[in-house]
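A.B. asks: from the sequence below, what's the structure:
(one chain, ligands or ions: 2)
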Amino acid sequence: MRLFLALMPPPALRRRLGELAEWAHAHCGGRRVPDESLHLTLAFLGEIPEAQAEALSTWVAGRDVPEGEWRPDAWGAFRRPGIVWVGSQTPDRALVSLQASLWHDLERQGITGRPSRFIPHVTLLRRARRLETAGLTPPDLVWPYRQVALVRSFTDQYRARYQTLARSPLT
Ligand code: ATP
Ligand code: MG
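C.D. replies: Numbers count the residues shown, from 1 in each chain. Ligands and ions are numbered 1, 2, ... in the order given. Coordinates of the predicted model:
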């Protein structure tokens, strides 16, 4: 099954991100990520056999994660897939170190595919027609986080859907 590790936004922030997605959609077109799918990916694991997915769920359920606060303050785009996102102007140190420590644990469990760089972002649009984000009002968001989620991604006929398999403990 296809798995990734992510932060899921608290409900109020999910709504605010949804409003930004709506607004970006009006400017850039493309496909707006639905509110329930908005997230921040910390690690994309790819296709994982079921037995290993169970072991990973157990690991996540026991994995303490330092709490933090992320402040997305910038718009950005990934040209090739036509993605428009919100993220931070300079990579957030706490998130970069969380990503590195999660990958350290994943590699010890035999997972490969650690990326050479990490740009913390929340995808709002896919296949956007316009990728010009320079004129947009910068976002002013605060994302308090305490938990990492292990998420399964299904592609149904029309779009990706996510299912949370496990969460790190609230300490
Ligand atoms: P779809 O691919 O069907 O458009 P999706 O990108 O939301 O939908 P997945 O491809 O399963 O669904 O990706 C799950 C998460 O992992 C997303 O945040 C995606 O951006 C990220 N991701 C997917 N592939 C990679 C990759 N090769 N490297 C890094 N992150 C990835
Ligand atoms: Mg994808």
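A.B. asks: buried ones in the longest helix belonging to the chain?
C.D. replies: In the chain, assigned by DSSP state H, the helix with the most residues is helix 11-28. For helix 11-28, burial by neighbour count (16 or more other CB atoms under 10 Å) applies to 13, 16-18, 20-21, 24-25, 27-28. C-beta: built from backbone N, CA, C; applies to glycine.
A.B. asks: how about stretch 81-99?
C.D. replies: So, applying 16+ other CB under 10 Å, buried residues of stretch 81-99: 82-88, 92, 95, 98-99.
A.B. asks: all strands for this structure, in order.
C.D. replies: For the chain, the strands defined by DSSP state E cover 2-7, 31-32, 40-47, 68-70, 74-78, 83-87, 121-126, 143-145, 149-155, 160-167.
A.B. asks: still on that earlier bit, show me which of the buried residues of helix 11-28 neighbour ligand 1.
C.D. replies: Applying CB under 6 Å from any ligand atom to these, one finds that nothing falls near ligand 1.
A.B. asks: now pLDDT too, for those residues, in TSV please.
C.D. replies: Listed next are those as TSV, based on pLDDT from 0 to 100:
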residue	pLDDT
L13	97
R16	97
L17	98
G18	98
L20	96
A21	97
A24	96
H25	97
H27	95
C28	96
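A.B. asks: closest to A74 out of those?
C.D. replies: Proximity of the buried residues of helix 11-28 to A74 (CB to CB) peaks at L20, which lies at 11.9 Å.
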